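# fold the stuff below for me.
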Amino acid sequence: MFPLLSTSRGARITSSSSLKTYDYSVVYPGPNLNMIVGANGTGKSSIVCAICLCLAGKTAVLGRGDKVGLYVKRGCKKGHVEIELYKRGGNVVIFREIHAENNQSLWMLNDRQCSQKAVEEEVKALRIQVSNLCQFLPQEKVGEFAKMSKIELLEATEKSVGPPEMYEYHCELKNFRNKERELENIVKEKASFLEKAKQRNERNKHDVNRYYEKKRHLDVIELLEKKKPWVEYETTRKELEGVKKERDEAKKQLLSLKQTQAPMVKKIQQIEEQLKPTEAQIKAKTAAIKEASLKCKQKQDQLDRKNKEIDDIKQKCRLKQMEEEDHQKRISNTRRTIEDLKAELAKVGDQPDVTPRINAVNADLRRIQEERAKIEGEKGDLRREKDNLCAESRMLEKKLNDMNNMMNAKEEKLRGRHRDTHTALQWLRQNKQLFRGNVYEPMMLVINVKDHRFAKYVENHISFHDLRAFVFQRKDDMEKFMIEVRDKMNLKVNSICAPEESCSKRPPSRNIESLRRFGFFTYLREMFDAPDEVMSYLCHQYRVHDVPVGNERTKSMIKTVIEEPYLKVLYTTEERYTVKRSFYSNKISTSNSAVHPSQYLTITVDAEEKRQLEELERQQMKALQKEAVALDRRDNELLAEKKRLSELKGKKRQLEQKISTKQDSLKQMEQNIIDLKKIEEETKEKIAAVNAEKVTILRAKLTMEKVHLALETVGLTAEKNKLENDCREGASDLRTTDQRKVQLTDQCKGLLKRAKAICKMQPDQSLPEDLRNAFSKLPDTLDEVDAMLNEERSRAECFTGLSENVVDEYNRREQEIKQMEKELEEKSNALNAYRQNISEAKERWLNPLKHLVEQINEKFSAFFRSMQCAGEVDLHSENEEEYDKYGIRIRVKFHATTQLHELTPYHQSGGERSVSTMLYLMALQELNRCPFRVVDEINQGMDPVNERRVFDIVVRTACKETTSQYFFITPKLLQNLTYAEEMTILCVHNGPHMLSPNQWDERAFVRRCLERKARA
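Alright, predicted model coming up:
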């Protein structure tokens, strides 16, 4: 890249009656590093202004005046600037004439008048960016470089050293991302609206389903009402067909009966002839048959009772046998139990006589009972005392909860006003064990104002900066805390260290009694409580022990009050007064300000009372638990002893009683033994007697001939009667069937006519196919149709409050949902397409950018290592998809004991910021695609060591053949610096005795200097 301002190629800067300093001046810079040196006020920065204004730069870039007319030398109406830039194929000459009165400019490009826009386009084509601080850094903008955000620094770097398309890709990505956000929001809104519409429709769907279900029931009812007359007709028709068949069948049966009746009549006559001789016999035998039947039935009942009696006898015998077996088993078990108890009793009997011991135990028991009664009384007292203590404990707990709630309210206020301090507070509470000395939470939490009315005085006297500060007893603890929360967690917090010698008890300059006549009633220190270290700091820093507080009387006597010695700060009811005395004239000057209402200290919590309450509660609970444990232990011991003695006393008596009981039981069981042999013999005798009675009953005989004769007679008579009845019934059924046929025929005609009328059919029209298909799915019987009709009507009546509007609304919204789904799909496809474009653009932009930042970091880190310091440059982004949040982060470390910190306007000193800025610009130098760079007085805040190091780096870097042209403006240089042949030194002088530029002879000046040096 060739320089655009170069002496070797005829480039120059010319100014006349402008730029505040010069009437006329021409500057011929060198192709590499141009060191412009001159005292303050000689016009070095005017050269910078000339370059900026002639290259169509904005006045805001210079920071010296907002109007271009202000850059014309005072007393002149106009001025001009001309700059010649090197360009392959012919240099470019830009001329600008500035009119001071109207702030207008005349532009010329290569001696041809043009517009400012044409100049801007030409400058842009030559990759000159005077608004980019990475390329053009005026004196007034040096401090702003460190204030640049990471995002601004990235954009400036892209414009300065990146390929031309890099910044365009970045802007394209940001536009893509904005469009993507818009599409995402649209998609999200449409999806949300679609979801809400679906939810609304889903809620209405139930009503729609109910409407359709009701409609289905009504349709079924309509069909059933249509089918019912058809079913009635069909039922009647089928009945008619049946009646016709019955009539035909009756005719046939009647004819058949008449045909078969002739031979049967003859047979009946024969039977009647046969019955006449036997009728007398039948009458005679009838009485005998009745008597024999009755006796036979009685004998059969007797036999059944005897058989049952035999079964009962056998069952009783079996029960007696089972009872005897169980009886023998119980006798055997009782005998074994008696033997075991006797053996145990023998063992107890072998032991020595326990009667004396039992007497002693009885005495102990009486004594224990007395003690137990006493203890029970004590336990009752303790329970009552415990209840009282529990009540007191609940009161203490409630009071502590109230205090904790007030502390929480204070913390919430702190979190709302300064979140970083609240975050650090949470960290401190979890890590207090890391510190050796006392560490106190922010003052606003540990200061407890005794009366909420006094809070405004304390809060107005102590700055919020200190109210949110953490207080440390030891300095090393404070340093450790700040490393953790400020350096590692990147939190903005304040911390202070209490004085080594406590000042909390320091006496005031005057006793408060001597000031009461003025209305003063206390000193500020007496209005609040705080831990000793906190109070010590406040007494040392804010002299709270020596600031009196007064009332309205103080206000009325203020002129007299301020005359009193030793009063420097005082408070009345609503005002604060500050009194100053002149060291020379002893005159008094006062200033007053209103006392603002308190925001943080109105919530009062007595920390000492809280601690005492917690300690009292802890001690009471401990004592109560101890007494309860001792009481329970004593109670358990007494119960165990009583149980043991009772068991010992009653063991032998229990054994003897058990043996006696078992022996009595055994005797009873032995006496009640059942004689099974006797029972079996009695059972056999009873069964034999019953069998004998059965034999007697069976000997009775019946003469059955009479029965056979009677039965034969009855059969013949029945057959005769049946033939006669059949003939009569056949004739009657035929007549009834004819009548029924006529009735059913008329009924069928009426039902058919009614059914067609209900279905809206013509008299000669047959049933339509659609109705026939619909009727086929419904019941075919009248009962089923009526049942289904009643059921459908009941169900339809359950659906109330429904109308067709619900369905219309539902269908309309369904169409809207389909349309929204279509729009959502289109927007989603567009969003996916944008994301694909973003992915491609990101790859085109991010990979070269990462490579560029790595190159800058390599140079930047090397420069810092050469200065025995450390520095890093990296590409920073909290979210890879937020392209407008990408930025370049500069982190530096100037001391071996510290960590790398981000370059900010607050953390580093002015000199450190200047060094960091200069080295970053030098890291860009070899990568720079811009034709030149200007840096104005950046070395002003540096210490000599850093200034020398930076100068060496500038010379080494800017004097390389591959680098662009560099302008370094400085009012002074250190001695014995290293220079290079490629440097151009431009010395700027100004004053009333200066030669005009065309009279200056550099060779003559050098010759005279050498002669003077030789003479010396």
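# please identify the helix or strand for the closest residue to L467 other than its chain neighbours.
Across the structure, with C-beta to C-beta, 6 or more residues apart in numbering as the measure, the residue nearest L467 apart from its sequence neighbours is M444 (4.4 Å). Every residue, glycine included, has its C-beta placed from N, CA and C. M444 is part of helix 443-446, with elements assigned from DSSP states H and E.
# helices or strands up against the helix or strand following that helix?
Reading on from helix 443-446 to the C-terminus, the next helix or strand found by DSSP H and E is strand 448-449. Using 3 or more C-beta pairs under 8 Å, 6 or more residues apart in numbering; DSSP states H and E, the elements in contact with strand 448-449 are strand 528-529.
# isn't the residue nearest to L467 up against K410?
Yes - using C-beta atoms under 8 Å, M444 is in contact with K410, at 6.6 Å.
# can you pull the residues that touch both of those two?
Residues touching both M444 and K410 (C-beta atoms under 8 Å, 6 or more residues apart in numbering) are Y600.
# between those two, who's got more neighbours?
Under the neighbour definition other C-beta atoms under 10 Å, M444 and K410 were set side by side, and M444 has more, 25 against 22.
# any idea how far the more buried one lies from K492?
16 Å (C-beta to C-beta, to the nearest Å).
# same thing with E840?
Using C-beta to C-beta, one gets 41 Å for the distance from E840 to K492.
# E273 now?
Computed as C-beta to C-beta, the E273 to K492 distance reads 144 Å.
# same check, this time on S105
46 Å.
# what does E821 give?
Taking C-beta to C-beta as the measure, E821 and K492 are separated by 50 Å.
# more neighbours: which of those two?
Taking E821 and K492 together and counting by other C-beta under 10 Å, E821 has the greater number of neighbours (15 against 12).
# list the contacts of that one.
By C-beta under 8 Å, 6+ apart, the neighbours of E821 are L194.
# that one belongs to a helix?
Yes - using DSSP: H, G, I helix; E, B strand; the rest coil, the assignment for E821 is a helix.
# poorly predicted segments of the stretch 101-250 of the chain, please.
Residue ranges of the stretch 101-250 of the chain with pLDDT under 70: 133, 139-146, 239-240, 243, 246-247, 250.
# now do the strands in the stretch 51-200 of the chain.
In the stretch 51-200 of the chain, strands defined by DSSP state E, counting those that start in this stretch lie at 78-85, 92-99, 104-109, 112-114, 136-137, listed in chain order.
# care to break this structure down by domain?
1-132+930-1015, 276-349+674-722, 418-606 (the TED database).
# what's the closest non-adjacent residue to R486?
Spatially, and ignoring its direct neighbours in sequence, R486 is nearest to V493 (6.3 Å; C-beta to C-beta, 6+ apart).
# same check, this time on K67
Of all residues beyond its chain neighbours, the one nearest K67 is N103 (5.0 Å), with distances taken as C-beta to C-beta, 6+ apart.
# likewise for Q765?
Leaving aside its chain neighbours, Q765 sits nearest to K756 (7.0 Å; criterion: C-beta to C-beta, 6+ apart).
# doesn't D764 make contact with the one you found?
No - in this structure, K756 is not within contact of D764 by C-beta under 8 Å, at 9.3 Å.
# the more surrounded of those two?
When neighbours are counted by other C-beta under 10 Å, K756 and D764 differ, and K756 comes out ahead with 19 against 6.
# mind listing what that one touches?
Listed by C-beta under 8 Å, 6+ apart, the contact partners of K756 are Q762, P763, Q765.
# same check, this time on V37
With contacts taken as C-beta under 8 Å, 6+ apart, V37 has the following neighbours: K44, T970, P971, K972, L973, I985, L986, C987, V988.
# PyMOL command to pick out the buried ones of these?
Here is the PyMOL selection string for the buried members of these, based on 16 or more other C-beta atoms under 10 Å:
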select buried, resi 44+970+971+986+988
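# mind checking which of the contacts of V37 are in strands?
T970, I985, L986, C987, V988 (DSSP state E).
# relative to L137, which of those is nearest.
For L137, the closest of the ones in strands among the contacts of V37 turns out to be T970, at 12.8 Å, with distances computed as C-beta to C-beta.
# that closest one and A980, how far apart?
Taking C-beta to C-beta, one finds T970 at 16 Å from A980.
# so what does the closest residue to R949 other than its chain neighbours look like in phi/psi?
On the basis of C-beta to C-beta, 6+ apart, the spatially nearest residue to R949 that is not a chain neighbour turns out to be M867, at 4.7 Å. Main-chain dihedrals, M867, degrees, to the nearest 10: phi -100, psi 10.
# from Y571, how far off is M867?
53 Å.
# what of R474?
Here R474 is placed at a distance of 34 Å from Y571 (C-beta to C-beta).
# if you count surrounding residues, which of these two has more?
For the pair R474 and Y571, the greater number of neighbours falls to Y571 (23 against 17), based on other C-beta under 10 Å.
# skipping adjacent residues, who's closest to that one in space?
Setting aside the residues directly before and after it, Y571 is nearest to V549 in space (C-beta to C-beta, 6+ apart), at 4.6 Å.
# dihedrals phi and psi, that neighbour?
For V549, the backbone dihedrals (degrees, to the nearest 10) come out as phi -120, psi 130.
# burial check on it, number of neighbours?
V549 has 23 nearby residues by other C-beta under 10 Å.
# contacting residues around it?
Under the criterion of C-beta under 8 Å, 6+ apart, the neighbours of V549 are F454, Y457, F520, F521, T522, Y523, L524, M527, L570, Y571.
# and stretch 317-337, what's buried?
C317, E324, T334, T337.
# got the CA coordinates for it in PDB?
The C-alpha atoms that make up stretch 317-337 are tabulated as PDB, following Å, rounded to 0.1, in the frame of the first residue of the first chain:
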ATOM      1  CA  CYS A 317     -73.200 -91.600  67.400                       C
ATOM      2  CA  ARG A 318     -70.600 -90.000  65.200                       C
ATOM      3  CA  LEU A 319     -70.700 -86.700  67.100                       C
ATOM      4  CA  LYS A 320     -70.100 -88.500  70.400                       C
ATOM      5  CA  GLN A 321     -67.100 -90.300  69.000                       C
ATOM      6  CA  MET A 322     -65.500 -87.100  67.800                       C
ATOM      7  CA  GLU A 323     -66.200 -85.400  71.100                       C
ATOM      8  CA  GLU A 324     -64.500 -88.200  73.000                       C
ATOM      9  CA  GLU A 325     -61.400 -88.000  70.800                       C
ATOM     10  CA  ASP A 326     -61.100 -84.200  71.400                       C
ATOM     11  CA  HIS A 327     -61.600 -84.800  75.100                       C
ATOM     12  CA  GLN A 328     -58.700 -87.300  75.300                       C
ATOM     13  CA  LYS A 329     -56.400 -84.900  73.500                       C
ATOM     14  CA  ARG A 330     -57.200 -82.000  76.000                       C
ATOM     15  CA  ILE A 331     -56.500 -84.400  78.900                       C
ATOM     16  CA  SER A 332     -53.100 -85.300  77.400                       C
ATOM     17  CA  ASN A 333     -52.200 -81.600  76.900                       C
ATOM     18  CA  THR A 334     -53.200 -80.700  80.400                       C
ATOM     19  CA  ARG A 335     -51.100 -83.400  81.900                       C
ATOM     20  CA  ARG A 336     -48.000 -82.200  80.000                       C
ATOM     21  CA  THR A 337     -48.600 -78.600  81.000                       C
END
